[in-house]
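Peer 1: I'd like to go over a predicted model; first the sequence, then the structure.
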Amino acid sequence: MTTNQPRLAPGLTLRVPQMSDVEAVAQLTYDVCAADGDATVATTAEDMRNLWQEPGFNLADDAWVVQAADGKIVGYEELYNRHGFAAFEGDGYVHPDFEGQGVGTSLLRALEARALVSMAQAEPDLKVFIRNGFSTNDARAIELHQNEGYAPIRYTWRMEIKMDAPPPPPVWPRGVVLRPFQVDEQAHALYEASQEAFEDHWGHVPMKYENWQNKTVHRPGFDQTLYFIAWDGDQIAGLSLCRLKPEEVGWVGTLAVRRPWRKQGLGQALLHHSFGEFYRRGLPTVGLGVDAGSLTGATRLYQRVGMNVAKEYVFYQKDLREGREVTEER
C-alpha cells in the first residue's frame, strides 16, 4: 500500500456510513452509473440496505463515504469478503463533480487498509487479493488503480436484447420440464445446483448458504415466479434466476446448466423462456452480465439468441499475499 496519505480537497470528509445514508449512497451510484451511460447497473436503496445487513458484512468496518461540506455524499466504497478473508471485492463510486479531489484515492486506500487487517483471519496458505470492477470507459478509475498497484485481469460484458416481437418458444431437451419454484422446499437444492454449475466459472469461490439466500430468495423485490428451474426427474438440470433492474430492464441474474445436461440446448431454452416471460410482462429489454472469456461458451450462446454487448467492464486485482488459490483443493 502507498504510504503517503491522500489529501482530500477542503470541505470533504471521509467517514463511516450510517444506515440513514442508504438513500444518498444509492443516489450516488445512480448518478455515477447514469453519467457513464449505464444506469441499469446502479444499486437501489433496497439492495444497498440488504448488502449492509448481510451476514458477515460490518457497516462500521467494511464501508466508507466521503461527505461534502453541504452534507452531500460524493464518494462511497465497500469491501466485500467473498471467501475466507482472502478473496476481497471492492465497489467504489466517485461523483463526477468531485473527481480529481482525492476522493477515489482516499476510499481505495481505506479499503486496502481494512483488507490488510482482515486477512489475518485467512488460512495461512491462501492467496489474498482485492478485486475491483468498473467500466472500461472510466479512465480515472483505471489510472487510480494502476497508481495503487492494481493490474487488469479479466473483462466482463453487460449484454442485452431489445425485443420488438415475442421470442421463439423454448425447445426443452427430452425429459426436462419446468416446474414452479417452491421456495421453502427447493431453495437449498437450488443453491447446491447453482454452486456446482459455476465451479468452472472464472472467479468462482464457494458461497455460504446464508449469503446466497441474501442475494436471491431474501433479496428485496424477490419474485419466485421469475425463478425458472428445469428438472430432469428429481434433479435440477438448469436454472434461470431473474429479477427486475432499474430503468425497466429485465435481468437474468443467474443462468446455469449442470454438466450432465450441457450441450443439449437447455441454456437456450431457459433464455427463450425467460425472454418470453419478460416480454409478456411488457419488458422487451433484457440484460445479463457475463465473463467475456467464458470457458463454457456463454458469450456465444447469448449472441446466438440475439443478445449484443451493451457495455464492457474490467476487473483490476491487487495481490496482498501469494499462496494457494481459494478454488484449489488441498
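Peer 2: Good, I have the coordinates. Numbers count the residues shown, from 1 in each chain.
Peer 1: residue 151 is in contact with residue 317, correct?
Peer 2: Yes - taking Cβ atoms under 8 Å as the definition, residue 317 is a contact partner of residue 151 at 6.4 Å. All C-beta spots, glycine's among them, are computed from the backbone N, C-alpha and C.
Peer 1: could you find the closest non-adjacent residue to the residue most central in space within the chain?
Peer 2: The residue lying closest to the centre of the chain (Cα atoms, centre = their mean) is residue 289, at 8.4 Å. In space, not counting the residues next to it along the chain, residue 289 is nearest to residue 158; the distance is 5.5 Å by Cβ to Cβ, 6 or more residues apart in numbering.
Peer 1: could you tell me which residues make contact with that neighbour?
Peer 2: Contacts for residue 158 (Cβ atoms under 8 Å, 6 or more residues apart in numbering) come out as 38, 40-41, 287-289, 309-313.
Peer 1: switch the cut-off to 6 Å
Peer 2: Counting by Cβ atoms under 6 Å, 6 or more residues apart in numbering, residue 158 makes contact with 287, 289, 310-311.
Peer 1: who does it bridge with?
Peer 2: Bridge pairing for residue 158 (DSSP bridges) gives the partners residue 289, residue 311.
Peer 1: need the pLDDT of the residue nearest to the centre of the chain.
Peer 2: Per-residue pLDDT puts residue 289 at 96.
Peer 1: and what of residue 293?
Peer 2: 89.
Peer 1: which SSE is it in?
Peer 2: Residue 293 is located outside every helix and strand, with elements delineated by DSSP states H and E.
Peer 1: how close does it sit to residue 326?
Peer 2: 19 Å (Cβ to Cβ, to the nearest Å).
Peer 1: what's in contact with stretch 63-83?
Peer 2: 11-14, 17, 24-25, 28, 62, 88-95, 98, 103, 107, 110-111, 114, 205, 326.
Peer 1: tell me the mean pLDDT for that stretch?
Peer 2: 98.
Peer 1: got the buried residues for that stretch?
Peer 2: The neighbour-count criterion (16 or more other Cβ atoms under 10 Å) identifies 63-68, 73-83 as the buried residues of stretch 63-83.
Peer 1: do stretch 212-226 as well
Peer 2: Buried residues in stretch 212-226, counted by 16+ other Cβ under 10 Å: 212-219, 226.
Peer 1: look up how far residue 124 lies from the residue nearest to residue 289.
Peer 2: Distance of residue 158 to residue 124, given as Cβ to Cβ: 38 Å.
Peer 1: outline the domain layout of this protein.
Peer 2: The chain resolves into domains spanning 13-156+314-321, 165-283 when parsed by automatic domain parsing.
Peer 1: as JSON lines, these with distance to residue 6 would be great.
Peer 2: As requested, the domains of the chain are exported to JSON lines (distance: least, Cβ to Cβ, whole Å):
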{"stretch": "domain 13-156+314-321", "distance to residue 6": "4"}
{"stretch": "domain 165-283", "distance to residue 6": "29"}
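Peer 1: so for residue 301, which of these sits nearest?
Peer 2: With Cβ to Cβ as the criterion, residue 301 lies closest to domain 165-283 of the domains of the chain, at 5.3 Å.
Peer 1: would you check that residue 154 makes contact with residue 315?
Peer 2: Yes - using Cβ atoms under 6 Å, residue 154 is in contact with residue 315, at 4.6 Å.
Peer 1: and these two? Which one has more around it.
Peer 2: residue 315 (20 against 16; other Cβ atoms under 10 Å).
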